[in-house]
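Asker: Below are the sequence and a predicted model; questions follow.
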Amino acid sequence: MNSFARKPWFHKLNRTVSRARQASRESMLWTGNLKKRLLLDIAKRIRANLGTILSENLKDVKRARLTGLSAAMIDRLSLNEARLLAMEEGVRGVANLEDPIGKVLSRWTRPNGLRLQKVSVPLGVILIIYESRPNVTVECAALCLKSSNVVILRGGREAMNTNKVFLRIFRESLRQFKLPVDAVNLVETTDYDAVDFLLLQEGRIDLVIPRGGEKLIRRVVERSRIPVVKHYQGVCHVYVDRHADLKKAVAITVNSKLQRPGVCNAMETLLVHKSIASRFLGQVGKVLNEGGCEVLGDSETCRILPFAARAKPTDYGHEFLDKVLAVKVVKSLKEAIEHIESYGSHHTDAIVTEDRKTANDFKAKVDSSSVMVNASTRFSDGYEYGFGAEIGISTDKIHARGPMGLDGLTSYKYIVDGNGHIRI
């Protein structure tokens, strides 16, 4: 800690962590009804401040364009009325979810008469590190409050004006309900040493969730002394089987790739069974081309689609986050699954097929956090799963996996009731 003590932000940030820790001792006692009313008030304030939020967001977008931020990152940064109303609805959805805290997960009585309960509890203080996406500010803060956790938000410098407005809205509601405003915190310094300082706060911060590019996430994992929940990449696949309904397959392919190409649940590689490759690629290729999507294919794909460029080996397994798609024609379901295992990131993978056995084989053998059958990879999202919103997506297998909602923000403790019991 001494190496950070001379930094201009050190004392303020150190106090922020201390106050967050103290706030977590209070938030763990909040009732479900209180949290619901708090979040409904926050949703109402988001709608009431649409103009201010959009104005501050426009400042961030203009500055991002001047600094040469990529189109995909600007898309993540940009808000409009529809996105804000969706965020408001997401907060309302979280407010109306069942309280995840204080649930008796199991109970039993031992032969000696001891009565045990396994009860859900909050994690404590959660640090979220993310880039460009102000919607993350709202989603994560809402989920943390609903799960009785305290949050420290470290967004990117490119969204600072927008995030400050959201911080004000959350704290106004907390103040209205006479709750500690330190339950929601924003790191306002853009010095990345401040992140390194936070990652060393073992015992004061309980969990770190990085959301962003692979470089950011790996840096957090390498430097953190605190447990990290993460996914490195979203290398998502769609496999179009020989038994696919081609109309469905075209719609799913186009939606998975082009609806929002800059997000982690967008498809990056399309696998097509050889028996339907000519028919299907001829249909979907036209739509992809008209949508401005660059296609990088194997030799068979390039034969069918004259506009396709030859894919390099490194294109398979690459997260483009753009209107670029790797395509490969495969001989069998087995080859498709082996390709996904070799090049995928265990995030989200989909199959389009009308054959039940093939679908069941795919579901059983693809080891990803979300496996889709006849549905777009874009549905791999906490809101779409009914979680109200998501705190992040994990491809780990310990603690949480896939889109993380409220349950991923809880732990548990054992309550043991006796009657003078002693161990002999």
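Answerer: Right, received. Where do you want to start?

Asker: Identify the residues contacting the residue lying closest to residue 300 once chain neighbours are set aside.
Answerer: In space, and not counting its chain neighbours, residue 300 is closest to residue 329: 4.1 Å by Cβ to Cβ, 6 or more residues apart in numbering. All C-beta atoms are positioned from the backbone trio N, CA, C, and that covers glycine. Contacts for residue 329 (Cβ atoms under 8 Å, 6 or more residues apart in numbering) come out as 271, 272, 273, 274, 277, 281, 298, 300, 301.

Asker: Alpha carbons of the helix or strand encompassing residue 329, as PDB, please.
Answerer: Taking DSSP states H and E as the criterion, residue 329 maps to strand 324-330. What follows is strand 324-330, C-alpha atoms only, in PDB (Å, rounded to 0.1, in the frame of the first residue of the first chain):
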ATOM      1  CA  VAL A 324     -16.500 -10.200 -39.600                       C
ATOM      2  CA  LEU A 325     -17.400 -13.800 -39.600                       C
ATOM      3  CA  ALA A 326     -15.300 -17.000 -39.900                       C
ATOM      4  CA  VAL A 327     -17.100 -19.800 -41.800                       C
ATOM      5  CA  LYS A 328     -16.200 -23.500 -42.100                       C
ATOM      6  CA  VAL A 329     -17.900 -26.400 -43.800                       C
ATOM      7  CA  VAL A 330     -17.800 -29.600 -41.700                       C
END
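
Asker: burial of residue 48, as a residue count?
Answerer: Residues contacting residue 48 under the criterion other Cβ atoms under 10 Å number 12.

Asker: where's it relative to residue 42, distance?
Answerer: To residue 42, residue 48 is 11 Å away according to Cβ to Cβ, to the nearest Å.

Asker: I'd assumed residue 119 was in a strand, is it?
Answerer: Yes. Residue 119 forms part of a strand when assessed by DSSP: H, G, I helix; E, B strand; the rest coil.

Asker: Can you report phi and psi for residue 123?
Answerer: Phi and psi for residue 123, reported as degrees, to the nearest 10, are phi -80, psi -40.

Asker: what's the nearest residue to it if we skip its chain neighbours?
Answerer: Residue 123 sits nearest to residue 206 (Cβ to Cβ, 6+ apart), 4.8 Å away.

Asker: One more: residue 410?
Answerer: Closest residue to residue 410 apart from its sequence neighbours, by Cβ to Cβ, 6+ apart: residue 120 at 4.7 Å.

Asker: Verify the contact between residue 257 and residue 293 for me.
Answerer: Yes. With contact defined as Cβ atoms under 8 Å, residue 257 reaches residue 293; the gap is 6.2 Å.

Asker: The two - which one has more neighbours?
Answerer: Neighbour totals were compared for residue 257 and residue 293, and residue 257 leads with 29 against 19 (other Cβ under 10 Å).

Asker: per-residue confidence at that one?
Answerer: Looking at residue 257, its pLDDT reads 98.

Asker: do the one 4 residues further on as well
Answerer: The pLDDT attached to residue 261 in the predicted structure is 93.

Asker: can you check the one 3 residues further on too?
Answerer: Looking at residue 264, its pLDDT reads 91.

Asker: Over to residue 18?
Answerer: For residue 18, the pLDDT comes out at 98.

Asker: Spell out the secondary structure type for it.
Answerer: Assignment for residue 18 (three-state DSSP): helix.

Asker: Once you drop chain neighbours, what's closest to it?
Answerer: Nearest one to residue 18, counting by Cβ to Cβ, 6+ apart, is residue 204 at 7.4 Å.

Asker: Pull the contacting residues for the one you found.
Answerer: Listed by Cβ under 8 Å, 6+ apart, the contact partners of residue 204 are 17, 18, 20, 21, 125.
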